[in-house]
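Chemist: sequence and predicted structure are below.
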Amino acid sequence: MIRILTILIALVSVHMQGQDLKFGKVSKEELLETTYAKDTSAPAAYLLKKRQSYYTYNSAIGLELVTEVHERIKIYNADGFDYATKAINLYESGASDEKATSIKGYTYTLEGDKVIETKLDKGSIFKSKQSKNRNQVKFTMPNVKAGSVVEYQYKITSPFVQSIDEFVFQHFVPIKRLEAEMRIPEYFKFNQRQKGFLLLAPKVDQNRDASLGMEVTKVSYNLQDIPALKNESFVSNIINFRSGVTFEIKSLEIPGSTYDVYSKTWDDVAKTVYEYSSFGDEMKKSNYFEEELNMVLQGASDPHEKAKRILAFVKEKVKWNSFVGYTSDEGTKKAYKEGTGNCADINLMLVSMLNHANVPAYPVLVSTRDNGIPLFPTLQGYNYVIAVSKINGEYHLFDATNAFSTMDILPTRTLNWYGRMISENGNSEEIDLMPKKSSMDAITMTVELNEDGSMEAKCRQQYTNHNALVFRNRYNKGTEESFLGNLEKEMGDIEISEYNMQNNLNLDKPIVQNFNFYKEDAFESISGKLYLSPMFHLAMGENPFKSEKREYPIDYGFPWEDKYLITINIPEGYKVEHLPEPFAMVLPDNLGQFKYNISTNQNFINVRVEMRMNTAIFPPSYYLGLKEFYRQVVEKESEKVVLSRI
Amino acid sequence: MRIFPVCLLILSVHFSFSQNYSYHTIPEELMENANAVGRLDEMDIRIDAMDKMTYSAKQVVTVLNKSGDAFARTRAFYDKEKKIKKIEAVVYDASGNEIQRIKRRDFSDIAAVDGFSLYLDDRLLYYRYVPVQYPYTLEFSYEIETSDTGILPPWYFLSGYGISVEQSSYAISYLSNDLKPIIEEENLSDIVFEKNENQGTISYTGTNIPAMVAESLSPSFNAICPKLSVRLPNFHYKGFNAKVGNWKDLGLWIQKELLAGRTNLEDATIQKVKELVQGVDDDIEKAKIVYQYMQDNTRYISVQIGIGGFQPISAIEVDRVKYGDCKGLSNYTMALLKAVGVESYYVVVEAGGTKVDFKEGFADLSQGNHAIVAIPYKGEYFWIDCTSQVHPFGFIGDFTDDRKVLVVKPDGGEIVTTTSYLNEQNLKKIRSTYKILEDLSLEAKVTIETMGVRYDDHFGLERDKKEDVIEYYKKFWGNINGLSVTGYSFANNREDVVFTEEIQLKAHDFVSKNGEDYLLTLNPLDNNSFVPPRYRNRKQSFVIQRGYLDEDEFIIQLPQNFSFTFLPEKHTEETRFGTYELEVHKKSDTELLYKRKLLIKKGHYPKEDYNKYRSFRRNVAKLDNQKIVLKRRDL
């Protein structure tokens, strides 16, 4: 999938020369501008976005990471007013905290021919303690009107020298000019990772930093005319696609001190993670569960059976507290005792139990959908861990944080490209997280048509794999009454009776629901003939894809298949005058297909419709094809059967 | 990104047995429609002085499933005047065994966030409990001491839909008669309760209150739930004392303590607005110019500190920074109006799409969440919302319309109803000539005119990006498959508050071929498919808050080689909820005139009428979707 991303890299002109945009030197041209030339719909634009990060050393305080920010923003209209407000998030841990200082800002507004400067008042800068570890400094610029230019600068001093905030190169409004610089002393070995669709070519220099008294590597970016980030539907997380650069300190080599590896290659990442005591050690502990687990495993010899029992045991024993992370919070032993834990507590426990039962298992580092796609080897790229087990030569994935997750059927949050499996010696290997098994939604329905335009039907619906997981999560959330109420609404205000559902807690089996329903206004009668959509409310009424073009992949989460089998009893006194034509189509590379079959004998009309997507993710280049595919589906499914009197 | 270490300190666990909180003792009737059951909801308020109040609360909730988690709250708000003296929670399993005890130090201390303010000084203590099983019972108790007696927590016998309550008790005691609270009971006839009033104490206890179910179109939960509103006639708030018998008094207090002296402006600004209105005599014409000036020069930013939750920042300050919240911008506009000799009043209102009235006989500070301005003119009021940069003068849309509000006049407060937009006033008129081409596609020119709250729904399009506008129309006409918009233009008449859209659109395969029959949907352009959901047993009355009128006229042109068979007959349906009229005329062999009118009337209707309303809407939906059969003449 990385291949797809690289094709789409857009070229951004690299800023080569031009004078410095000095703080306070806002030109009249900038104030006179009424729209951004390259994107006239932009409500605001960064005329300059500048950031420099570097290290300072002071024998009293030690090493500090300093970040200087200077931003100049043009506000074109009222929709851009939000860009006149800035929030700076600061981290605090124990006695150490990040500080924002030297905040200075001005708003420039043209009144007639005169440039009016309004200073940001110190009293209008608010500092608040958001939580134990988070502080925030927030301000909004004064005297902002359509046409104003706001400009501010500030400095963040951080004692957390290893944590360098991402350099963000793209916003929801364009950036006219971007300057970014990172200076790293020779003792730090670092990784530099780019993301997004912009082609970034940094300039790298070696300099001597007089104040530090050592060599520094200076990485700088000079970019121009960065387009705005566009939000689109069916994107798993837009931040995945935002351009930027992250720097990660992978090792610290101070002469005379020990050599610390943080991360470098995937194997280094794996090794580093493995060596965290809250990761590796947690998997080696087994004494706390041995006794109980042995009872659970009694009589099981098949590895599949063992894995199944262990997964059920962990799910029963420890509930997820909704916190992510790949390291254990309080320790697996404590989580086991208390009955709750974060995802590492739960899944590392799962790994050690599987190993204890001689089912070889390893942890897999995962980046959840909210966290973005880990394209490059960094520690921060991952935020979650699941388990993988090799059974009969095949890898299978497990996640015990969700009550209804089973082998290879994992919660949607984990379905995010690739994960990294870590084995004992810190070796690692890539694991595809995207489900290969298709999830089915199969409906068998028998329909009676009533004189008054209503219908009655018997319906049997089956969900497998991820569809079943999604269903179980929904069904078990509230009362059955409210579930049925929602189901009735979703299916076009039907009235359900004799509802029964099988296998809710029997996770090996598909979900099966059986019910009868009654629906008003199910078909039309025009001058003595009946016109009916043979799929009734199951027909797709609207094309979900409406935009003319698309820049990001279309993400279904998992491959799927809908199969509808509908039998319509022809009402007495009527005959079939017209049936829609059978129809079939496939997407390029057989990534999806649609089949529509309809036939009749004297008493029945039989409809069989199948639609499937064979892959979880489509690259954006398939968008127009997919949109057209759906248009034809909507059109076909809206076709009518015509019944006339005999 | 940083990894925030999360500490879940779980303290020594004591096992004890509490018969009371076993899930098995919940009466059967309280389980119906319930995601949670309040076992005990207790509030005990003590008023020791005008500036000293203590209240302690204990909430024991048995949560039956995940949707019930929201009812097991473990959070308490505080600020400079309000101190949390005690806070604690205990978790029990289904049988009532204690499984976890949460102490004060386990709660996180975080800043309150309202989603729109730049800064708020409210904070809260909060604990996030992770359920390990269902059902579970959570007991949460806290005690608060405050010098603010201006806002007393109202008492809800039910805290929302989907929770039933075994016992709900509210008690308030006061040290002397001048501290005696005034209590207004609302919807108590629906529940079983006991009220006791002794010297110095008033108490209420409700028992076995069944869960309420949310129903479409019902009045808001606030309007139907059993509750008590409580206020002190003599109170203290953020450093200010007040004696309030009625709205007149409260208005005077606001005028004197919170507004007086805040409308001063720099001379230069006064000069500037005077110049703007030079040569204009009429007060409303002056006000329009001033409102436009304010809209062009300011923006909405909310900062709430201390009494600043009620007091506007001064006009001089707003004039300097050119931003403010609703109070600050209203006060600033009043200052500008004053500078040009136009009288105006500060208005407190409960804003939102749902109309909420100020309670006429119950004057307290807790009502209202927004400020606007009223300009008296020839015996009526013009209302303006100063937080909008785009609304026309005097048009307040569905945010503050048609509700009782507090107008603060120099001689005291007065309850007045704001402008309403009802029924025919909320007009949407669609005119179109649409052609069916030989390839069965549709080509249409459409004009949409909107007024009243319909204007409010549509006029924002003017400021949207092209791709958003096109996407909007694709959703607006989601009933037309394969729609493409080939052009559009807008006209915004701010003077008369009318918005006009001109759209050109196309859709291929619009007419569907079914055998020899071609089906044409007569009204693709104003297809109202809304049918209120069906209830087996409707419990609540229903409300149509504003009503509206649709008026449509389409000329439909068919290709020469097509003809139509039957045309639908003229249809008129009159109900107490509104009327529907539909006519189709043959203009020539290939041209039809389609006329449609749908009027929905504002009203509050009894639950018995719900099914009648529903069947009216079903008919409308059916008729709006009516098709005729076309035949090819050349075959």
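Modeler: Ah, there it is.

Chemist: any idea how the chain splits into domains?
Modeler: No chain specified, so I'll use chain A. Listed domain ranges for chain A are A:2-252, A:266-432, A:439-645 (source: automatic domain parsing).

Chemist: wrong one, I was asking about chain B
Modeler: B:19-237, B:244-417, B:423-632.

Chemist: how far does the shortest one stretch from start to finish?
Modeler: Okay, so that is domain B:244-417. Across its full length, domain B:244-417 reaches 22 Å between end residues, using CA to CA, to the nearest Å.

Chemist: ok, it near chain A or not?
Modeler: Yes: interface with chain A: domain B:244-417 contributes B:296, B:297, B:299, B:301, B:303, B:320, B:321, B:322, B:323, B:389, B:390 (CB under 8 Å from any CB of the partner chain). (Glycine included, C-beta is placed from N, CA and C.)

Chemist: and the strand or helix carrying residue A:634 with chain B, contact?
Modeler: Here residue A:634 sits within helix A:623-638, counting by DSSP states H and E. Yes: Helix A:623-638 lies within reach of chain B by CB under 8 Å from any CB, at A:631, A:634, A:635, A:638.

Chemist: ok, stretch A:31-45 next?
Modeler: Yes: Stretch A:31-45 reaches chain B (CB under 8 Å from any CB) through residue A:41.

Chemist: ok, residues contacting that stretch?
Modeler: A:73-80, A:82-83, A:108-110, A:115, A:147-149, A:173-176, A:225, A:227-228, B:465-466 (CB atoms under 8 Å, 6 or more residues apart in numbering or on different chains).

Chemist: out of the residues you listed, which are buried?
Modeler: A:73-80, A:83, A:108-110, A:147-149, A:173-176, A:225, A:227-228 (16 or more other CB atoms under 10 Å in any protein chain shown).

Chemist: narrow these to those in strands?
Modeler: Of the positions in these, A:73, A:74, A:75, A:108, A:109, A:110, A:149, A:175, A:176, A:225 sit in strands, assigned by DSSP state E.

Chemist: who does the helix or strand where residue A:115 lies touch, helix- and strand-wise?
Modeler: Per DSSP H and E: residue A:115 is located in strand A:114-119. Here strand A:114-119 touches strand A:99-111, going by 3 or more CB pairs under 8 Å, 6 or more residues apart in numbering or on different chains; DSSP states H and E.

Chemist: at 10 Å what do you get?
Modeler: Secondary-structure packing of strand A:114-119 (3 or more CB pairs under 10 Å, 6 or more residues apart in numbering or on different chains; DSSP states H and E): helix A:28-32, strand A:99-111, strand A:149-158.

Chemist: so what are the sheet partners of the second one and their directions?
Modeler: Strand pairing for strand A:99-111, determined by DSSP bridges: strand A:114-119 (antiparallel), strand A:149-158 (antiparallel).

Chemist: enumerate the residues of the stretch 401-550 of chain A near chain B.
Modeler: A:453, A:473, A:476-479, A:481-483, A:485, A:488-489, A:492-495, A:520-521, A:524, A:526-529, A:531, A:540-543, A:545-549 (CB under 10 Å from any CB of the partner chain).

Chemist: in ChimeraX, how would I select the buried members of the residues you listed?
Modeler: The ChimeraX command for the buried members of those (criterion: 16+ other CB under 10 Å) is given here:
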select /A:453,473,476,478,479,482,483,485,488,492,493,494,520,521,524,526,529,531,540,543,545,546,547
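
Chemist: surely residue A:416 and residue A:434 touch.
Modeler: Yes: with contact defined as CB atoms under 10 Å, residue A:416 counts as touching residue A:434 (8.2 Å).

Chemist: of the two, who's got more company?
Modeler: residue A:416 (25 against 17; other CB atoms under 10 Å in any protein chain shown).

Chemist: residues contacting the closest residue to chain B within chain A?
Modeler: At 2.8 Å from chain B, residue A:578 is the closest residue in chain A, using CB to the nearest CB. Applying CB atoms under 10 Å, 6 or more residues apart in numbering or on different chains, we find residue A:578 in contact with A:529, A:531, A:639-644, B:513-517.

Chemist: right, I'll leave it there.
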